[in-house]
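Enquirer: Okay, here's the prediction I keep looking at, along with the sequence it came from:
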Amino acid sequence: MSTIAERLSHYEKLMRLDKPIGILLLLWPTLWGLWIAGDGRPAAIVVAIFVAGTVLMRSAGCVINDYADRNFDGHVERTRHRPMATGAVSTREALLLAGGLSLTAFVLILPLDRLVIWLSVPALFLAASYPFTKRFFAIPQAYLGIAFGFGIPMAFAALQQAVPPVAWVLLLANVFWSIAYDTEYAMVDRPDDLKIGIRTSAITFGRFDVLAVMACYGLALGLLLAAGLQAGRGLVFMGGLAVAAGIAGYHYTLIRDRDRPRCFKAFLHNNWIGGTIFVALALDYLISPAGA
């Protein structure tokens, strides 16, 4: 029988707390939304709630993902040592853990505007259903982009008590960004996914996968530029987008040969794209406050 420390270690791996890249890819678009919704000065308590909620919901999403893929992960080289694939964590434990994380995240948002609470319902549905879309959708990464970006409309609801058009532009930008980085991720697993019948954008795009990734980066950055202009942002933000475009160009050099380790490196490197855009946005508001 395993000790408490061993069980906690299994839960940590199940929630992917040892691999924070997923938290960061979920956090950056949420922060974009908070900063634009709050005109560069979002309330600290709201930011804290959203940061904590991001960690909790990403963790819950990972647990649900491994529950959904428990019969597949053992056949994929990169995932065969995950706790549910090895039997270290039972299905009952996983469902209880996911439920507890989701409930804690829900309690966190109770002090916020009622619209946030209503939006949390589709947000939870998206997080819980995404892992199953790999059986049906040709590009499940688009669904992931909606799920990963739903903190954006919730941020506007929390700070403006409404969800204006700019929020949906930001969400759409995140969808294209998610397709780009998660296709890079899927390119790593493509041989295994083909064997077990999982659908991914890397398989759907086929030999046009690299072109599709770069096109999605371009669309994401173009939509972010449109959102920035709607929000009255200036040269600092645009300069940040230019730097992000340069990083995306570097990713082309990593993925063009479809080498699996380099594709995974490109996926991880997307943290720099999200972070660059946020820092540029925050600096732009600092230098040119809204309404100045």
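Expert: Great, that's in hand. Note that this is a predicted model, so its numbers are computed, not measured. Residues are numbered from 1 along each chain as shown.
Enquirer: and residue 122, how many neighbours does it have?
Expert: Counted by other C-beta atoms under 10 Å, the residues lying close to residue 122 total 14. Heads up, the C-betas are built off the backbone N, CA and C, glycines and all.
Enquirer: Equivalent analysis for the one 5 residues further on, please.
Expert: Neighbourhood size, residue 127 [other C-beta under 10 Å]: 24.
Enquirer: Does it lie in a helix or a strand, and which?
Expert: When elements are assigned from DSSP states H and E, residue 127 belongs to helix 114-133.
Enquirer: Could you give me the buried positions within that helix?
Expert: 115-116, 119-120, 123-124, 126-128, 130-131, 133 (16 or more other C-beta atoms under 10 Å).
Enquirer: Could you export those residues as TSV, including distance to residue 285 and pLDDT?
Expert: Shown next, in TSV, are the buried residues of helix 114-133 (distance: C-beta to C-beta, whole Å; pLDDT from 0 to 100):
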residue	distance to residue 285	pLDDT
115	24	97
116	22	97
119	24	96
120	27	95
123	26	93
124	31	92
126	29	92
127	29	89
128	34	88
130	32	87
131	36	83
133	36	85
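Enquirer: ok, these vs residue 227, which is closest?
Expert: Of all the buried residues of helix 114-133, residue 227 sits closest to residue 119, with 18.7 Å by C-beta to C-beta.
Enquirer: so that closest one makes contact with residue 153?
Expert: Yes - if you go by C-beta atoms under 8 Å, residue 119 and residue 153 touch, sitting 6.0 Å apart.
Enquirer: which residues do these two both contact?
Expert: Shared contacts of residue 119 and residue 153, defined by C-beta atoms under 8 Å, 6 or more residues apart in numbering, comprise residue 163.
Enquirer: that older thread, could I get the buried residues of helix 114-133 in TSV, plus columns for distance to residue 216?
Expert: Shown next, in TSV, are the buried residues of helix 114-133 (distance: C-beta to C-beta, whole Å):
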residue	distance to residue 216
115	30
116	29
119	25
120	28
123	23
124	26
126	19
127	22
128	25
130	18
131	21
133	18
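Enquirer: out of the residues you listed, what pair is the most spread apart?
Expert: Farthest pair in the buried residues of helix 114-133, by C-beta to C-beta: 115 and 131, 27.1 Å.
Enquirer: Contacts only, for residue 217.
Expert: Listed by C-beta under 8 Å, 6+ apart, the contact partners of residue 217 are 176-177, 180, 245, 248, 251.
Enquirer: Swap in 10 Å and give it another go.
Expert: Taking C-beta atoms under 10 Å, 6 or more residues apart in numbering, we find residue 217 in contact with 176-177, 179-181, 244-245, 247-249, 251-252, 270, 273.
Enquirer: What of residue 107?
Expert: By C-beta under 10 Å, 6+ apart, residue 107 lies in contact with 53, 56.
Enquirer: Residue 221 too?
Expert: Shown in contact with residue 221 (C-beta under 10 Å, 6+ apart): 173, 176-177, 180, 241-242, 244-245, 248, 273, 277.
Enquirer: Give me the buried entries from those residues.
Expert: Buried positions within those, assessed by neighbour count (16+ other C-beta under 10 Å), are 173, 176-177, 180, 241, 244-245, 248, 273, 277.
Enquirer: If anything else comes up later, I'll come back, but that's it for now.
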